[in-house]
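1. here is my input; please provide its structure:
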Amino acid sequence: MSNPKAWRHSLNFLIKDEEGFKIFQKYLKSEMCDENIDFWKAVENYRLNTSKEELEKQANIIFKTYITNNSRRCVNLKGPTRSKVALDIKAGPTRYIFDAAQREIFEVIERDPYQRFLTSDAYLNLLTGFKIFQKYLKSEMCDENIDFWKAVENYRVNSSKTELEKQANIIFKTYITNNSRRCVNLKGPTRSKVALDIKAGPTRYIFDAAQREIFEVIERDPYQRFLKSDVYQSLLT
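-> Residues are numbered from 1 along each chain as shown. Sure thing, here's the model as predicted:
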């Protein structure tokens, strides 16, 4: 389960999320400007190649598809960047030959289409969908699980150690401790592991196993009930 709200924090959050990437890519396609994000993704996949032969093959495909000026899907690169890639292709491609071009295109996406996406119906409808599910769970008096899941998504955004420690303790006291009014339904070993990790010093990923476990709880029961509810059915009509 992705958290669309987190996609507002940065373009990086959006495109590193598998579901977020697909939704953003679909939006850009509808706007007829998906060549930049497709180039960015092609470079990400290109770096996974390990053989020299495959690097050369894929480098030439990317160059002909996105870099050459006469290409139908030519991306908006500065002249010097385009020329540098052409020279590097002739010299023999490495795994990092497109890095500067990719950074440049990332900035292009960040400045314009990403900003438009954040105010688009495609994105705003996703936020509404999450809120509707959350509201439904609240009416069923079982919203603590989805609130915990969302709290963990927001927790990972923190970058400072001080803020991580502060938020980790709030999440632990609110959702993990057995005597909490909003205690989520975790297995004993998972709960104990989080408690130990809190004492050792929290990291950004301290709640990951607990979040996955709660996701499965939500998916098995309340999500299935939501799909059969009048609330959900009314959205389909």
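2. and the chain, what are its domains?
-> Using automatic domain parsing, the domain ranges for the chain come out as 4-117, 126-236.
3. for the helix of greatest length in the chain, list every residue counted as buried.
-> Of all the segments assigned as helix in the chain under DSSP state H, the longest by residue count is helix 121-139. Along helix 121-139, these residues count as buried under the neighbour rule (16 or more other C-beta atoms under 10 Å): Tyr123, Leu126, Phe130, Phe133, Tyr136, Leu137. To be clear about C-beta, it is placed using only N, CA and C from the backbone, and glycine gets the same treatment.
4. mind listing residues that contact it?
-> In this structure, residues lying in contact with helix 121-139 by C-beta atoms under 8 Å, 6 or more residues apart in numbering are 3-5, 7, 23, 26-27, 30, 117, 143, 145-147, 150, 222-223, 226, 229, 231-232, 235.
5. buried residues, the worst-scoring helix or strand of the chain on mean pLDDT. List them.
-> Least confident helix or strand of the chain, by mean pLDDT, DSSP states H and E, is helix 230-236 with a mean of 76. By neighbour count with 16+ other C-beta under 10 Å, helix 230-236 contains the buried residues Tyr232.
6. and the contacts of that helix?
-> Applying C-beta under 8 Å, 6+ apart, the set of residues contacting helix 230-236 from outside is Ile132, Lys135, Tyr136, Phe226.
7. the last one: what secondary structure?
-> Put plainly, it is Phe226. Classification of Phe226 using DSSP: H, G, I helix; E, B strand; the rest coil returns helix.
8. that one and Leu196, how far apart?
-> Taken as C-beta to C-beta, to the nearest Å, the spacing of Phe226 relative to Leu196 amounts to 34 Å.
9. comparing the domains of the chain by mean pLDDT, which bottoms out?
-> By mean pLDDT, the lowest-scoring of those turns out to be domain 126-236, with a mean of 91.
10. show me where the protein has helices.
-> Under the criterion DSSP H, helices of the chain are mapped to 11-16, 18-30, 35-46, 52-62, 79-91, 99-111, 113-118, 121-139, 144-155, 161-171, 188-200, 208-220, 222-228, 230-236.
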